[in-house]
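**Q** Model the following, please.
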Amino acid sequence: MYTLFSYPRNASWAPHLVLAEIGANYELMLVDRKLNTQKANDYLMLNPTGRIPTLIDNELIIFESAAICM
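**A** Got it, this is the predicted structure:
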């Protein structure tokens with residue numbers, strides 16, 4: 001199962017649509033930009049750039065919208 005770290009009206013919208021369109025089993029995790037959650041140590045361990053989105057598939061971590069969509 002995929003986990004997509006996202007925030008509404010952000011670059012994570014395209015990967016979200018792709019996952020839905022292909023019928024993938026995925027979970028959305030909110031990264032609250034208003035609270036700067038993307039700068040928290042737990043998130044930075046996944047995505048050192050501190051940007052949204054981030055996709056996790058088992059041990060594979062991808063963190064750019066275009067790369068996730070590909």
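**Q** number of nearby residues for residue 52?
**A** 22 (other C-beta atoms under 10 Å). C-beta: built from backbone N, CA, C; applies to glycine.
**Q** Also residue 21?
**A** Neighbour tally, residue 21, other C-beta under 10 Å: 8.
**Q** Can you pull the phi/psi pair for it?
**A** phi -60, psi -40 (degrees, to the nearest 10).
**Q** same thing with residue 56?
**A** Backbone torsions for residue 56, taken as degrees, to the nearest 10, come to phi -120, psi 130.
**Q** mind checking how far residue 15 is from residue 38?
**A** For residue 15, the distance to residue 38 equals 15 Å [C-beta to C-beta, to the nearest Å].
**Q** Give the residue from these two that has the larger number of neighbours.
**A** A count of neighbours by other C-beta under 10 Å puts residue 15 above the other of residue 15 and residue 38, at 24 against 20.
**Q** Contacts only, for that one.
**A** Each residue near residue 15 by C-beta atoms under 8 Å, 6 or more residues apart in numbering is listed here: 4, 6, 53, 55, 65, 68-69.
**Q** cool, and residue 18?
**A** Residue 18 sits next to 68-69 when contact means C-beta under 8 Å, 6+ apart.
**Q** ok, it to residue 26 distance?
**A** 10 Å.
**Q** what does residue 42 give?
**A** 20 Å.
**Q** Which one's more surrounded, those two?
**A** The residue with more neighbours, out of residue 42 and residue 26, is residue 26; 19 against 7, by other C-beta under 10 Å.
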